[in-house]
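**Q** Got a sequence here, can you build the structure:
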Amino acid sequence: MGSMFSETGKNVYGVTYATLDDSGLHFESELAIQLLDGAMVTLKMPTHLSERQAISQIVADAGCSA
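**A** Purely as a prediction, here's the structure:
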């Protein structure tokens, strides 16, 4: 099964979800890896500060607030 990870570098994606509710803006990020057999593995990861700041700025510019 070790060979399943040998070519995954071409199929790795970072995904961030932002949710706005009454208590504020919330972020959840994950790393999605597509394996050679087509299966998808996801791992939770911290959202980068610069990404949180950029999304927060877009929400503020759009006039959205919790």
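**Q** Could you use CA atoms for every contact and neighbour count after this?
**A** Will do.
**Q** Give me the distance between the residue nearest to residue 40 when sequence neighbours are not counted and residue 16.
**A** Leaving aside its sequence neighbours, residue 40 sits nearest to residue 34 (C-alpha to C-alpha, 6 or more residues apart in numbering; 4.5 Å). Distance of residue 34 to residue 16, computed by C-alpha to C-alpha, to the nearest Å: 17 Å.
**Q** likewise residue 25?
**A** 13 Å.
**Q** Residue 62 too?
**A** Distance of residue 62 to residue 16, given as C-alpha to C-alpha: 19 Å.
**Q** Looking at the two, which is more packed in?
**A** residue 16 (17 against 9; other C-alpha atoms under 10 Å).
**Q** what's the helix or strand for the residue lying closest to that one once chain neighbours are set aside?
**A** Spatial nearest neighbour of residue 16, chain neighbours left out: residue 29 (4.2 Å); criterion: C-alpha to C-alpha, 6+ apart. Per DSSP states H and E, residue 29 falls inside strand 24-34.
**Q** Give me the distance between that strand and the centre of its chain.
**A** Its chain's average C-alpha position is 3 Å from that of strand 24-34, according to C-alpha atoms, centre = their mean, to the nearest Å.
**Q** got the buried residues for that strand?
**A** Residues of strand 24-34 classed as buried: 29, 30, 32, 33, 34 (neighbour count, 16 or more other C-alpha atoms under 10 Å).
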